[in-house]
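[1] Structural data only, the sequence is not supplied:
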DNA sequence: CGTGCGCACTTGTCTCATAGTTGTATCATT
DNA sequence: AATGATACAACTATGAGACAAGTGCGCACG
């Protein structure tokens, strides 16, 4: 029988795959550093890295420079309890968050936006939100021209509308639905055309006033989910909840 | 013993979340100052702040400059506390609701259900919910064999599990995601294969205990959407003057 | 008695420093 | 070609500290 020449980095990759899939490193926890693994498996860092990169190619793990290796593929879970920006929630869960502005301009509002905000001309900003470098949401925000007149493209890229607007926010109503990705969103979110997406619409009101901000969010279905904490399920019919659309 | 790599600020965030949710700091009451927490956890103010900001992103706490950190309060919990059974909501909106049981039996639980409920054998009920005669949800419910042993097929057809189970329900956690309809669900819901659906998973716990009921809901995307009312924490914060940290 | 001012304390936001991590080379060895 | 050894750059989490800005409170002063 011929001696099979084992390739060390594949052995290590198999071993690590076993450990990761076995749940040894739960979500959020880091894998041992390359240096530690190097010691544990008596292999050089080069070899350990090759193994880890093989697993990254499979989508099992991922790494950030200066941070470490971690189990990948956990969906972004958005707690749906309070009025917060997605960016804040991402930062809070330790992810890197950026925005890429697609377009920025003052336009005549689409019919529905006109009806909700009660104005004709609006600032419309389309952008893509990235989580750890991957596209994670396509967002369109509309705000009345009067309020948005002071805003610049650079400002909108760096901070959220919630931070920028010079008003006190009163609350919001958000709807969550499912749809199929159209071609434009599919390209932006790097998913196949027709794959399921979560579509949300959020109408934010001024404290004690009417609607001042309207936004549409499109999340890829495989990466995102909302999570709702229900302290007392026996309470009955609510203003919020599931709604049948005609 | 191998050293587990952790991220300090996440540890502190978890610990603080535990303390806040455990009711150690009642609503409106101040948390210890960043300096105190820094000393208590032997971490720098930077790290403590990162933890607190993570909790703020979740909406659990908030802060005001020169004042302190405080629990964001019960006031916001109520509106969301009422996502009751789907049937109750339908009845409330004046629609006729029925259930059609697809199958009813005691089986070995799927892996995930086993992990959540912590039991091996379960009662599994699959059904379709109808609104005004049209299918609008495919539901699968799992409950531990011990609890479901007394239930009959006729019973689950007529009443909801919430009504039937002889325990006091404590709360639930529900996730909402998007997916594509597989063939089986497509037939049941009378929609094309691959069309977008809302997929929800609800884990209900016994009062003061662990998970006792797990359910999966599949709604056709074109007919259903969730609507959520999001109050703003700032609006409900008690004004200054309340300063009660031992 | 009331009012303004300062003091102590808080969060918000910087800077600088350090240790540990991944990313990416180069060169030698088997 | 796979592996080992090494070096360095870029990045991250964390620590320590300084300062600005906001808040609450009590005290001196009018």
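    Cool, the structure landed. This is a predicted model, so every value here is computed, not measured. Numbers count the residues shown, from 1 in each chain, chains lettered A, B, ... in the order given.
[2] make it CA atoms for all contacts and neighbour counts henceforth
    Fine.
[3] mind listing what the residue most central in space within chain A touches?
    Per C-alpha atoms, centre = their mean, the C-alpha nearest to the average position across chain A is that of residue A:136, at 4.1 Å. For residue A:136, the contact set (C-alpha atoms under 8 Å, 6 or more residues apart in numbering or on different chains) comprises A:128, A:129, A:130, A:189, A:219, A:220, A:223.
[4] swap in residue A:30?
    A:68, A:69, A:70, A:71, B:5, B:6.
[5] how about the fifth one, what does it touch?
    Think residue B:5. With C-alpha under 8 Å, 6+ apart, residue B:5 has these contacts: A:29, A:30, A:31, A:32.
[6] any idea how far stretch A:63-70 is from the chain center?
    Mean C-alpha position of stretch A:63-70 versus that of the full chain (C-alpha atoms, centre = their mean, to the nearest Å) differs by 19 Å.
[7] And stretch A:98-106, by the same measure?
    17 Å.
[8] How about residues contacting that stretch?
    For stretch A:98-106, contacts defined as C-alpha under 8 Å, 6+ apart pick out A:87, A:121-131, A:133, A:145, A:153, A:157-158.
[9] List phi and psi for residue A:104.
    Backbone geometry at residue A:104, expressed as degrees, to the nearest 10, gives phi -150, psi 120.
[10] Quick check: nearest residue in space to residue A:13, chain neighbours excluded?
    Closest residue to residue A:13 apart from its sequence neighbours, by C-alpha to C-alpha, 6 or more residues apart in numbering or on different chains: residue A:51 at 4.5 Å.
[11] related to what we said a few turns ago, which one of the contacts of residue B:5 is nearest to residue B:115?
    residue A:29 (19.8 Å; C-alpha to C-alpha).
[12] so how many other residues sit close to the one residue in chain A that gets nearest to DNA strand C?
    Closest approach of chain A to DNA strand C (C-alpha to the nearest atom of the strand) occurs at residue A:66, with a separation of 3.1 Å. Neighbour count for residue A:66, taken as other C-alpha atoms under 10 Å in any protein chain shown: 6.
[13] Only the buried subset of the contacts of stretch A:98-106, as a ChimeraX command please.
    Here is the ChimeraX selection string for the buried members of the contacts of stretch A:98-106, based on 16 or more other C-alpha atoms under 10 Å in any protein chain shown:
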select /A:87,121,122,123,124,125,126,127,128,129,130,131,145
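[14] Domains in chain A, by residue range?
    Split into domains by automatic domain parsing, chain A comes to A:8-71, A:76-227.
[15] circling back to that earlier point, go back to the contacts of residue A:30 and keep what's next to DNA strand C.
    Restricting the contacts of residue A:30 to those within reach of DNA strand C (C-alpha under 7 Å from any atom of the strand) leaves A:68, A:69.
[16] Using TSV, please lay out the contacts of residue B:5 together with pLDDT, distance to residue A:42 and secondary structure.
    Listed next are the contacts of residue B:5 as TSV, based on pLDDT from 0 to 100; distance: C-alpha to C-alpha, whole Å; DSSP: H, G, I helix; E, B strand; the rest coil:
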residue	pLDDT	distance to residue A:42	secondary structure
A:29	72	23	coil
A:30	84	20	strand
A:31	91	17	coil
A:32	92	14	coil
